[in-house]
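Undergrad: I'd like to go over a predicted model; first the sequence, then the structure.
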Amino acid sequence: VVTGLSRSGKSTLFTSLMAQLNYRAQGLGGGGYDGLPLLSVLPSRLVQSVELVEWKNSPAFPYQHNLQTLYARQWPDSTRSISTFAVDITLRKENKLLQQLLGNHVMRLIIHDYPGEWLIDLPMIDQSFTDWCAHSFAQQITEPQKSLAKDWHQLVSTFDFSSPANDSNAEQLINAYRRYLLLAKQDGLTRLQPGALLLPPETFELNRWGFCPLPAKITSNPRHPWVQLFQKRHRKFIKEWVIPFRNHFFRHSDQQIILTDLLEGLNFGKAYLHEIQETMNHLIASFTYGKRAWYERLHKPLGITKVAFVATKIDMIPPQEQANLLSLLKDITDGAQQQLAEHNVSFEHFTIASITATKIDQQDLLFKDPEGKTHRVQFKPIPKRISEFDDKAVYPFLKAIPPIIRHEGDIRSIHVDKLLDYMLRD
């Protein structure tokens, strides 16, 4: 299962991976470029075909659309709905006799794509409405949330909670809170709940069942009409949307890739890196880890036994700083690692670029922006730990367009082969 926060690049990774696997099957026999040279578990000489397969009644992943978008030197759109697809990789056997007797072996990878905003709602399953309200407001008393939530706080402080707890009045509160969430998302924050309020799912009527956090002076009275209204909606949201979402995507997997965009955190500053760290810790607590005994598998969800922590878009920093970014990823995931160690879960850290969009010139990076202008950018050293960051330090955020891609074989990636090899091994 791939768990990726919003803007971490899930869709681009899936598109790049499918393209390179497909080209690996079709083009390497003629001496084509192998974009996945370290993928030793799928030797190119044994890969006979790669096929994209529609999955049951799920909407298909827009692979061809994404590919055409890349051909036009634009990035694929952010995921706004659920899609599922399978990749069937047909492999010949090394032993000729076994090949004649048993034929080809088909490895099937089932991949789900979904908006990263919805992932953030998983920790809400284990919170009461009152606890969630307290935690939400606690987040908003420190920067950068405090400044972004100014208008929202102003409305809450002046709202007449003696007014009827009806749909019309509720809409006023919910819309104000949603404006705060949208502003915070635009400013680079990730732990925004409910994420479904940012991107409402088609299968749950948030217009009718939406809610927002209430201040402590209201939630302290469990019988308050506003508490009863939003608590009912909160329970319905968890029961009819969040739990089914978790069960459908995350209860039947024994391996996990966790994608995060640290570059956005570097661009916004130290406080945002801390927020990514907090988000990671809470997300890890939402999944089931550890190997199940055979009898437990009959009535319990699978436990995840292998995890890859992945920082994406590594091509957006110069090579001499990429080792430091890997160290920073390890520091940010330290709390998550401790949770995994308690369940004897193996894990590794990776830095990848699904599609390389920059060029290297000595210590500088070169890239083209959406207007077609070429830019040269230099980076100061990236600290290895959050604690080493200056509070006001920020790093450039490169608005690079994709390189020229005319066919699947033109795609170049960084370390995607190492990541896939780790996940498929054993």
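TA: Structure's in. What do you need? Numbering: from 1, shown residues only.
Undergrad: ok, now which ones touch V1?
TA: H112, F249, F250, S253, Q255, Q256, I257, I304 (CB atoms under 8 Å, 6 or more residues apart in numbering). Glycine gets a C-beta too; all of them are placed from N, C-alpha and C.
Undergrad: and the first one, what does it touch?
TA: Read it as H112. Going by CB under 8 Å, 6+ apart, H112 touches V1, V2, I82, S83, T84, F249.
Undergrad: again, only using 10 Å
TA: 1-2, 10, 14, 55, 58, 61, 82-85, 248-250, 253 (CB atoms under 10 Å, 6 or more residues apart in numbering).
Undergrad: for E278, same thing?
TA: Q139, T190, R191, I332, G335.
Undergrad: buried subset of the contacts of H112?
TA: Neighbour counting with 16 or more other CB atoms under 10 Å marks 1-2, 10, 14, 55, 61, 82-85, 249-250, 253 as buried within these.
Undergrad: so which residues of the stretch 151-300 of the chain form strands?
TA: Remark: strands assigned in the stretch 151-300 of the chain by DSSP state E, counting those that start in this stretch are 255-260.
Undergrad: would you map the helices across it?
TA: In the stretch 151-300 of the chain, helices defined by DSSP state H, counting those that start in this stretch lie at 167-186, 195-198, 206-209, 216-219, 225-237, 243-250, 262-268, 270-284, listed in chain order.
Undergrad: okay, and the helix or strand of this protein with the least pLDDT?
TA: helix 96-102 (a mean of 76; mean pLDDT, DSSP states H and E).
Undergrad: list of residues touching it?
TA: L46, R92, K93, N95, H105.
Undergrad: switch the cut-off to 8 Å
TA: For helix 96-102, the external contacting residues (CB under 8 Å, 6+ apart) are R92, K93.
Undergrad: could you point out which element follows it?
TA: Note on helix 96-102: by DSSP states H and E, the next helix or strand toward the C-terminus is strand 105-113.
Undergrad: and the next helix or strand past that next one?
TA: Taking DSSP H and E, what comes next after strand 105-113 is helix 116-119.
Undergrad: ok, now which residue in this protein is the farthest from the centroid?
TA: Residue farthest from the centre of the chain, counting by CA atoms, centre = their mean, is L97 at 43.7 Å.
Undergrad: enumerate the beta-bridge partners assigned to F85.
TA: Taking DSSP bridges as the rule, F85 bridges to E54, I111.
Undergrad: of the contacts of E278, which is the nearest to L148?
TA: For these, the minimum distance to L148 (CB to CB) is 10.7 Å, reached by Q139.
Undergrad: most widely separated two among the contacts of E278?
TA: Comparing all pairs in the contacts of E278 by CB to CB, the longest separation belongs to Q139 and I332, at 17.8 Å.
Undergrad: higher neighbour count, the two?
TA: When neighbours are counted by other CB atoms under 10 Å, Q139 and I332 differ, and I332 comes out ahead with 25 against 19.
Undergrad: for the closest residue to the more buried one other than its chain neighbours, report the pLDDT, please.
TA: Among residues not flanking I332 along the chain, Q277 sits closest, at 4.7 Å (CB to CB, 6 or more residues apart in numbering). If you check Q277, the pLDDT there is 92.
Undergrad: correct me, but Q277 touches R385?
TA: No: using CB atoms under 8 Å, Q277 makes no contact with R385, being 10.9 Å away.
Undergrad: residues contacting L91?
TA: By CB under 8 Å, 6+ apart, the neighbours of L91 are L42, L46, V47, Q48, N104, H105, V106, M107.
Undergrad: compare these and tell me which has the most neighbours.
TA: Of all those, the most densely surrounded is V47 (21 neighbours; neighbours counted as other CB under 10 Å).
Undergrad: check that residue and give its pLDDT.
TA: 82.
Undergrad: wait, it sits on Y23?
TA: No: contact between V47 and Y23 fails when scored by CB under 8 Å: they sit 10.3 Å apart.
Undergrad: what about the stretch 1-150 of the chain, any weak spots by pLDDT?
TA: Scanning the stretch 1-150 of the chain for pLDDT under 70 picks out 27-33.
Undergrad: strands of that one, start to end?
TA: 2-4, 47-54, 83-91, 105-113.
Undergrad: what does the shortest one contact?
TA: Residues from elsewhere that reach strand 2-4, judged by CB under 8 Å, 6+ apart: 10, 13-14, 111-112, 116, 119, 250, 256-260, 283, 287.
Undergrad: chain center to that strand: distance?
TA: Mean-position distance between strand 2-4 and its chain equals 4 Å (CA atoms, centre = their mean, to the nearest Å).
Undergrad: name every strand pairing with it and say which way it goes.
TA: Strand pairing (DSSP bridges) places strand 2-4 next to strand 255-260 (parallel).
Undergrad: residues contacting the strand it pairs with, please?
TA: With contact meaning CB under 8 Å, 6+ apart, strand 255-260 is reached by 1-5, 8-10, 13, 276, 280, 283, 287, 304-312, 329, 332, 336, 419, 423.
Undergrad: do the same with stretch 379-389
TA: With CB under 8 Å, 6+ apart as the test, stretch 379-389 has contacts from 266, 269-270, 273-274, 277, 317-318, 321, 324-325, 327-328, 331-332, 365, 395-396.
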